[in-house]
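Novice: Have a look at this prediction, sequence included:
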Amino acid sequence: MPDPVSSLLAALREGDDARGWAWFLDLDGTLIDLAPRPGDVVCPPGLTATLAALDAGAAGALAIVTGRSADFAAALLGTRAFTIAGLHGAEIRLGERLGGGQPTAAPARPPAPAADHAAAAARAMPGVIFEDKGAAFALHFRLAPRMEARVAQAMDEALALAGAGYRLRPGKAVVELCPAGADKGAALRRLMRHPAFRARRPFAAGDDLTDEAMFAAADDLGGLSLRIGAGNGETRARHALPSPAAMRELLSRMVQPRA
Ligand SMILES: [Mg+2]
């Protein structure tokens, strides 16, 4: 039996017909390893170079699709070269190969009372971390799993303060409040209308609940969906890899010349 990376590499090469792939890649837990604190993640050596080769090979049809802000993702990867759908698609910034520029949407910050409420709740719960993402904010409880119910309650209260136009998004040891309209599936569909992406087959990879909408959109458009890690519960992704390290191995082998 070939290992999972080799099997998937074969499937990617088989499906890499005249159209080629359009790459939609989540960041945390997919390309990079999760860290106990959201600010502690690091970009592994070689990842940015691999993504650059993939982006070049696809003539710019590559997007980082993340819950982080586009600025955070670009700073982590050390380049603004790539197209980034940040905040679950609430902000889309085209990469340098596609002309670059400002995010297509710069959503407003949630109302201050909502963010203040969540930040105060985090201060009262040891181990819970408040993350300000600009147009969204989150409470992380990876370091304090027993706080899950209190975090959920605090975020319900924050949502009531934020009012219409926002929603809660649960993830791995995190609850986030973000603009209601955006999701990763909508981001994929929107980018697939761009000329650089349009004629290609979407390949979507992610590790969390918020990636499921992206998997559904990729499948609907005749593409391929890939879940990284055990995740939380069921997934509709058609393929699986065990870890971000396996994902990085897949991509780095994908950009190497065929033997
Ligand atoms: Mg993720």
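Specialist: On my side now, so go ahead.

Novice: Quick check: closest non-adjacent residue to residue 207.
Specialist: residue 29 (3.7 Å; CB to CB, 6 or more residues apart in numbering). Yep, even glycine has a C-beta here, placed from its N, CA and C like the rest.

Novice: Tell me, what's the model's pLDDT at that neighbour?
Specialist: According to the prediction, residue 29 has pLDDT 96.

Novice: Spell out which parts of the stretch 151-259 of the chain neighbour the ion.
Specialist: For the stretch 151-259 of the chain, the residues in contact with the ion (CB under 5 Å from the ion) are 207, 208.

Novice: The same query, at a cut-off of 6 Å, please.
Specialist: 206, 207, 208 (CB under 6 Å from the ion).

Novice: among these, who's most crowded?
Specialist: residue 206 (31 neighbours; other CB atoms under 10 Å).

Novice: That one reaches residue 227, doesn't it?
Specialist: Yes. With contact defined as CB atoms under 8 Å, residue 206 reaches residue 227; the gap is 6.9 Å.

Novice: Contact partners for the residue nearest to residue 207?
Specialist: Taking CB atoms under 8 Å, 6 or more residues apart in numbering as the contact definition, residue 29 lies against 172, 206, 207, 208, 228, 229, 244.

Novice: Next one: it relative to residue 150, how far apart?
Specialist: 24 Å (CB to CB, to the nearest Å).

Novice: Likewise for residue 241?
Specialist: 34 Å.

Novice: Just the CA trace of the particular helix or strand that has residue 204 in it, in CSV.
Specialist: Secondary structure assignment for residue 204, by DSSP states H and E: strand 201-206. Output of strand 201-206 as CSV, limited to C-alpha atoms (Å, rounded to 0.1, in the frame of the first residue of the first chain):
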residue,chain,number,x,y,z
ARG,A,201,-10.3,22.6,-10.9
PRO,A,202,-10.4,23.7,-7.2
PHE,A,203,-8.4,21.8,-4.6
ALA,A,204,-9.4,22.7,-1.1
ALA,A,205,-7.5,21.7,2.0
GLY,A,206,-8.4,22.5,5.6
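
Novice: who touches that strand?
Specialist: Here strand 201-206 has contacts from 12, 15, 17, 19-26, 29-30, 65, 184, 188, 192, 211-212, 214-215, 217-218, 221-228, 237, 247, using CB under 8 Å, 6+ apart.

Novice: and the residues you listed, which are buried?
Specialist: Neighbour-count burial (16 or more other CB atoms under 10 Å) applied to the contacts of strand 201-206 gives 12, 20-26, 29-30, 65, 184, 188, 192, 211-212, 214-215, 217-218, 221, 223-228, 237, 247.

Novice: Output the below-cut-off pLDDT ranges for the stretch 1-150 of the chain.
Specialist: Scanning the stretch 1-150 of the chain for pLDDT under 70 picks out 1, 17, 102-106.
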